[in-house]
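Undergrad: how would this look folded up:
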Amino acid sequence: MPGGRLTQQERQQIALGLADGLAYAEIARRLERPTSTVTREVMRNGGPNAYRAEVAHRATEHRAHRRRQAAPRDPDAPQSDGRRDTESVRAYEETLTTVFMQSGLPRMTARVLVCLYTTDAGSLTASELVQRLQVSPATVSKAVAFLESQGLIRRERDERRRERYVVDDDVMYQSTVASARATAHLGETARQGAGILGAGTPAAARLENIARFVDFVSESILRAAEQAREVLHTRTESTQGDPAQPAADD
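TA: Numbers count the residues shown, from 1 in each chain. Got it, this is the predicted structure:
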């Protein structure tokens, strides 16, 4: 299986595959590449409807050149202890960014979130994000505002009174709860529509079924989130091989 960066010819094959309506997995199979490679390539270069091979190739060359010329991303951060491969970390960050984008986040917002998740401290200042991502402060501010509105990050002040953006153990729980409550609101609205459209009508029946479905899903998510909350506060080292740790089905 070939490795390394995509060639211009491979990008042209991706463009042809998208034009033919092929799935990412099929395009990847023909290129003998991982599906994640094709997905990441398309998502970071305009998406399936706007992908252009020549434009994508030039953009990739430009990004590579900019990385070579850029200053160190975080000079105050501890140096690597040798356990992390820089290229592997960068590739993983791109993969996780693509996953967040597929869940609905804009690309820059996803990049900010990935930065926070892959930082050992779990928090960064605005200036640190600007330096790591090589973007403007305004771009970071916009992404941070969106993430905070969705409950995906929170703000706090450090000992130097600097504002930091944080993804801690409880952020995922709070985000999941907020999402479940938003889903429950959809159910309430669907049920209101059923009453307005009149009992016994096909439209009312459809909305009532949606409301019942959404009620069940949102209640299940809230219950599961509460039951699993302690997992977010569990240190991996303390659970591996611990016979006292309860099984998943207990």
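
Undergrad: what does Glu163 show for phi and psi?
TA: Dihedral pair for Glu163: phi -80, psi 130, per degrees, to the nearest 10.

Undergrad: next: Pro202.
TA: Pro202 adopts backbone torsions of phi -60, psi -40, taken as degrees, to the nearest 10.

Undergrad: just the pLDDT for it.
TA: With respect to pLDDT, Pro202 has a value of 93.

Undergrad: can you check Ile210 too?
TA: So Ile210 comes in at 94 (pLDDT).

Undergrad: next, count neighbours for the nearest residue to it once chain neighbours are set aside.
TA: Spatial nearest neighbour of Ile210, excluding adjacent residues (C-beta to C-beta, 6 or more residues apart in numbering): Ala190 at 4.5 Å. Any C-beta I mention is one placed from the backbone N, CA and C, and that applies to glycine too. For Ala190, the count of nearby residues is 19 (other C-beta atoms under 10 Å).

Undergrad: residues making contact with the host helix or strand of Arg11?
TA: Assigning secondary structure by DSSP states H and E places Arg11 in helix 8-19. Outside helix 8-19, the residues that touch it by C-beta atoms under 8 Å, 6 or more residues apart in numbering are 6, 26-27, 30-31, 33, 38, 41-42, 48, 51-54, 56-57.

Undergrad: max pairwise distance over those: which two?
TA: Glu26 and Glu54 (22.5 Å; C-beta to C-beta).

Undergrad: for these two, work out which one has more neighbours and name it.
TA: Legend: neighbour count by other C-beta under 10 Å for Glu26 and Glu54, higher for Glu26 (14 against 11).

Undergrad: can you pull the pLDDT of the more buried one?
TA: 91.

Undergrad: give the other helices and strands that the helix or strand harbouring it contacts.
TA: Following DSSP H and E, one finds Glu26 within helix 24-31. Helix 24-31 sits against helix 8-19, helix 35-43, with contacts defined as 3 or more C-beta pairs under 8 Å, 6 or more residues apart in numbering; DSSP states H and E.

Undergrad: low-confidence regions, the protein specifically.
TA: The model of the chain has pLDDT under 70 over residues 1-3, 63-83, 235-250.

Undergrad: where along it do the strands fall?
TA: Shown for the chain, the strands assigned by DSSP state E span residues 123-125, 154-157, 163-166.

Undergrad: state the distance from His62 to Gln8.
TA: 14 Å (C-beta to C-beta, to the nearest Å).

Undergrad: same question, Gln102
TA: Gln102 sits 25 Å away from Gln8, going by C-beta to C-beta.

Undergrad: ok, Phe100 next?
TA: Distance from Phe100 to Gln8, counting by C-beta to C-beta: 28 Å.

Undergrad: quick one, which of those two is more surrounded?
TA: Phe100 (20 against 14).

Undergrad: for that one, which non-adjacent residue is closest in space?
TA: Nearest non-adjacent residue to Phe100 (C-beta to C-beta, 6+ apart): Ala110, at 3.6 Å.

Undergrad: the one you found: how many residues sit nearby?
TA: Ala110, neighbours per other C-beta under 10 Å, totals 22.

Undergrad: for it, give me its contacts.
TA: By C-beta under 8 Å, 6+ apart, the residues touching Ala110 are Thr97, Thr98, Phe100, Met101.

Undergrad: so Thr125 sits right up against Arg162, yeah?
TA: Yes - using C-beta atoms under 8 Å, Thr125 makes contact with Arg162 at a distance of 5.1 Å.
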